[in-house]
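Trainee: Build me a model:
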Amino acid sequence: MNIRSRHDSILRSLRRGGMATVDDLARQVGASRRTVLRDIGALREEGYLINTEAGRGGGVQLDLQSAQKGAPLSVPEVFALLISVTTMQAAGNLPFATLADSGLAKIERSLPRDRVRDLRRLLAGLHVGKLSPQQDVSDIGIIDPGLLPAFERGFLDRLNLRFRYRDARGHETSRQVEPQAMLILPPLWYLVGWDPERGDFRHFRMDRIGEPETVEGTVFRPRHVPFEDDVCPYDELPT
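Mentor: Model prediction:
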């Protein structure tokens with residue numbers, strides 16, 4: 001179960017009212033107690049009021065009024081909106097660009113200052129270019145919805161990303177890289193990662209990535225990604 005699915009499942013359980021133990025929630029979503037506690041912290045950051053009671057008979061409980069009001073957009077959601085608009089602008093097919101920019105600026109102003117800082121760090125690691133018309137995109141697939149929040153946490157907390165990767169020949173491997181940036185060449189999206197085993201940057205088509213997850217205890221340093229070289233391939237990028 002990816003991050004967003006876990007969050008949705010936890011919220012559904014808590015909306016039923018009453019107390020739920022962390023152990024029960026962990027069994028329900030198939031994750032560890034530590035992961036569920038981290039998920040609860042993330043939901044609180046999104047604006048959900050979740051109370052905790054210690055001791056026998058205790059657990060966690062959702063304030064239903066906070067759930068009814070709805071939560072503000074999270075950084076990954078705002079990031080997704082921004083990169084979608086940026087991508088459409090780069091492709092030259094956003095007829096209401098001024099209105100879109102104005103709306104996104106209002107959304108950004110609604111975020112806490114520390115989350116705005118996170119958003120700007122994410123945008124600094126984003127490059128949008130144009131794909132060569134010679135690139136074959138006939139096999140383009142669906143991007144795992146858990147990839148963007150996993151990238152956000154890995155990029156901001158400097159944690160490695162681990163995932164399954166299927167190359168152009170359909171061969172699957174398990175990869176672990178430092179998530180350094182994102183490259184968007186519409187309609188293809190790439191994760192740009194530093195591969196410690198190869199000592200170089202590698203580009204991974206995001207629609208070929210499966211089961212992404214951050215790896216605890218793998219703090220890395222940010223690296224300069226040479227986007228000034230304007231990477232716009234039509235042959236397969238090295239993976």
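
Trainee: got a list of contacts for the biggest helix by length in the chain?
Mentor: For the chain, the longest helix by residue count, based on DSSP state H, is helix 75-91. Outside helix 75-91, the residues that touch it by C-beta atoms under 8 Å, 6 or more residues apart in numbering are 73, 94, 97, 100-101, 104, 107-108, 111, 115, 118-119, 122-123, 126, 128-130, 148-149, 152, 182, 184, 186. (Glycine included, C-beta is placed from N, CA and C.)

Trainee: Could you list the buried residues of that helix?
Mentor: Neighbour-count burial for helix 75-91 flags 75-83, 85-88 (criterion: 16 or more other C-beta atoms under 10 Å).

Trainee: and those, which two are the farthest apart?
Mentor: Spanning the widest gap among those are Val75 and Met88, at 20.4 Å by C-beta to C-beta.

Trainee: Selection in ChimeraX covering whichever of the contacts of helix 75-91 are buried, please.
Mentor: Here is the ChimeraX command that selects the buried residues among these (16+ other C-beta under 10 Å):
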select :73,94,100,104,108,111,115,118,119,122,126,128,148,149,152,182,184
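
Trainee: now, which of the contacts of helix 75-91 lie within strands?
Mentor: Here DSSP state E is the test, and those give Leu126, Val128, Met182, Ile184 as lying in strands.

Trainee: Which of these lies at the shortest distance from His171?
Mentor: Among the ones in strands among the contacts of helix 75-91, and counting by C-beta to C-beta, the member closest to His171 is Met182, at 23.7 Å.

Trainee: these two touch, right, that closest one and Val192?
Mentor: Yes: applying C-beta atoms under 8 Å, one finds Met182 in contact with Val192, separated by 6.5 Å.

Trainee: Go through the contacts of helix 75-91 and flag which are in helices.
Mentor: Per DSSP H, the subset of the contacts of helix 75-91 in helices is 97, 100-101, 104, 107-108, 115, 118-119, 122-123, 148-149, 152.

Trainee: Make a markdown table out of those and add pLDDT and distance to Asp8.
Mentor: As requested, the ones in helices among the contacts of helix 75-91 are exported to a markdown table (pLDDT from 0 to 100; distance: C-beta to C-beta, whole Å):
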| residue | pLDDT | distance to Asp8 |
| --- | --- | --- |
| Ala97 | 64 | 32 |
| Ala100 | 70 | 27 |
| Asp101 | 71 | 30 |
| Leu104 | 72 | 25 |
| Ile107 | 73 | 21 |
| Glu108 | 72 | 25 |
| Arg115 | 76 | 21 |
| Asp118 | 82 | 22 |
| Leu119 | 81 | 23 |
| Leu122 | 84 | 22 |
| Leu123 | 83 | 26 |
| Leu148 | 87 | 15 |
| Pro149 | 86 | 12 |
| Glu152 | 88 | 17 |
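
Trainee: Among the ones in strands among the contacts of helix 75-91, which pair sits farthest apart?
Mentor: Longest span within those, C-beta to C-beta: Val128 and Met182, 9.1 Å.

Trainee: Lowest-scoring secondary structure element of this protein by mean pLDDT?
Mentor: helix 64-69 (a mean of 60; mean pLDDT, DSSP states H and E).

Trainee: just how off-centre is stretch 22-37 within its chain?
Mentor: Computed by C-alpha atoms, centre = their mean, to the nearest Å, the chain-centroid distance of stretch 22-37 equals 20 Å.

Trainee: try stretch 143-161
Mentor: 5 Å.

Trainee: Leu188 against Arg205, yeah?
Mentor: Yes: using C-beta under 8 Å, Leu188 makes contact with Arg205 at a distance of 6.1 Å.

Trainee: More neighbours: these two, which one.
Mentor: Arg205 (22 against 17; other C-beta atoms under 10 Å).
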